Structure formats: C-alpha cells, structure tokens
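> Generate coordinates for the sequence data below:
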Amino acid sequence: MTQRIRVLITDDHSIVREGMRLILETADDIEVIGEAADGAEAVQFVSEQLPDVVLMDLRMPGMDGLTAIEHLQRDHPQVAIVILTTYNEDDLMLRGLQAGAKGFLLKDTSRAMLLDTIYAAAKGESLLNADVMGRLLAHVGSEGQRPSTAQENPLSDRERQALRAVARGETNKGAALQMGITERTVKAHLTSAYNKLGVDSRAAAIAVATQNGWLSS
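Coordinates of the predicted model:
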C-alpha cells in the first residue's frame, strides 16, 4: 500500500485515545488524523475528512458507537470501522459487526494485533481475534442463546463449517485443509452464506449466525 492509512480514533476516554495514538505513530504507513470523544463527533469528522479506518468505542455518552456505525455505514460505506471493545461487551460487539464493522480489537490488545487489524480493515478485509470468537461461540453453545423470535437455520452443514472455521481465525486456505475441500469451494460456501444471511462480509455473517445460535455445536 503506497499511501499512508488515515485513522480516526473514537473513544470517550482520553487515555485510551492517547495510548492508541502513541502506538499508531510508531508505524510509518499509518497516520492518526483525528480523535473523537463520542459517536456524533466521529460522524461529523468522517463526513469532513473521510479517514480510511475508524477505531470505534461502543459505550460512549451521547451518540454511542453502534448508532455511529449505522450512520457511517449508510453515508460512508467505504470507510472501514473497527470496534474497540472489552471482555464484557460480547452482545454489543456482535451487533456492531452485524451493523457493518470490519472487525474488533480489545482495548488491551498488542501492538502487532492493532496494526494487523488496521491493515486488514484498510484493504476491506476482516481480521477477527480467534480467542474472542472462540469464547463467543462457546458461550452461545453453553447458554443456548437464541433470538427472541426463533428462526430456522438457513445454512447448510458445509456453510456452517466454513463460517465456524473462519470465526476461529482460519484463513480460507486453512479452512479448506480442515474441511478437505478446495479453497475455491470454501469461498463459494462463504459467499452462499453471506447471501442467505443478507450480509456482505465474514464479520457480519459470523455475527448474525452467532447471535442466532447457528454456529454452536
């Protein structure tokens, strides 16, 4: 990537914003072009400056992160959003992914994971933390979580297997090896799953399927 990735950091805690900025400023190909303390500030900033990636906290006073994500996906879908989350925000995180965020980061994440997630988001890809997704899937399975209105699982066994594999952090190639099929077939299964779930990314597909309990064992 020849141009620097322009990033907006959105969090209501200045210490979080400062910490993220200090880390990102160590990367030559990333530029922090602004900070926002709530969703409304983020929406306004994006409209004026059009960053490549927005790091978005979910719990903020005023306009929260989920509402901001919905606004940005509607008005500026080309801007990649990465959720900033903590361990006790599973449901909010899934809703953010379903709303269109490319991925998520724990606020105590490593420098390497922070940079890798931003690089992936800037390229339109999703990079999901395998440990967190594994915990979510295990939680859904143990709690028997289902939506308030039960829906029949539209996914085939192979589509479900492919989504579970990428939710655990596998690449398409890794999923293909696990499933004993070609990488092209994995991509076909994922595309079919996206179409059935009415989404356009693996992050959103995993969020929808997880919320409905369709990926649990």
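> Show the contacting residues for A27.
L115 (CB atoms under 8 Å, 6 or more residues apart in numbering). Heads up, the C-betas are built off the backbone N, CA and C, glycines and all.
> can you pull the contacts of the residue nearest the centre of the chain?
By CA atoms, centre = their mean, the chain has its centre lying nearest to G103, at 1.9 Å. Going by CB under 8 Å, 6+ apart, G103 touches 82-83, 97, 117, 120-121, 126-128, 203.
> Next one: the residue with the largest distance to the centre of the chain relative to S192, how far apart?
In the chain, the residue that sits farthest from the middle, by CA atoms, centre = their mean, is G180; the gap is 27.3 Å. Using CB to CB, to the nearest Å, we find G180 at a distance of 18 Å from S192.
> cool, V32 as well?
39 Å.
> ok, those two, which is more surrounded?
More neighbours surround V32 than the other of V32 and S192, with 20 against 16 (other CB atoms under 10 Å).
> quick one: average confidence on stretch 58-68?
Stretch 58-68 shows a mean pLDDT of 94.
> go on, stretch 152-169?
Mean pLDDT, computed over stretch 152-169, is 88.
> which residues sit against it?
With contact meaning CB under 8 Å, 6+ apart, stretch 152-169 is reached by 128-130, 133-134, 137, 172, 174-175, 178-179, 181, 186, 189-190, 192-193, 196-197, 202, 205-206, 209-210, 212, 214-215.
> Next: stretch 110-128.
By CB under 8 Å, 6+ apart, stretch 110-128 touches 1, 5, 7, 20, 23-24, 26-27, 30, 52-53, 55, 80-82, 102-105, 109, 129, 166-167, 169, 201-203, 206.
> Output that stretch in CSV, but only the C-alpha positions, please.
Taking Å, rounded to 0.1, in the frame of the first residue of the first chain, the C-alpha atoms of stretch 110-128 are listed here in CSV:
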residue,chain,number,x,y,z
SER,A,110,-1.0,-6.0,21.4
ARG,A,111,0.7,-3.6,19.1
ALA,A,112,1.0,-6.3,16.4
MET,A,113,-2.7,-7.1,16.6
LEU,A,114,-3.7,-3.4,16.5
LEU,A,115,-1.6,-2.8,13.4
ASP,A,116,-2.6,-6.0,11.6
THR,A,117,-6.3,-5.3,12.2
ILE,A,118,-6.0,-1.8,10.8
TYR,A,119,-4.0,-3.0,7.7
ALA,A,120,-6.7,-5.7,7.1
ALA,A,121,-9.6,-3.2,7.5
ALA,A,122,-7.9,-0.7,5.2
LYS,A,123,-7.9,-3.4,2.5
GLY,A,124,-11.5,-4.3,3.0
GLU,A,125,-10.8,-7.5,4.9
SER,A,126,-11.8,-8.8,8.3
LEU,A,127,-9.3,-9.9,10.9
LEU,A,128,-11.1,-11.4,13.9
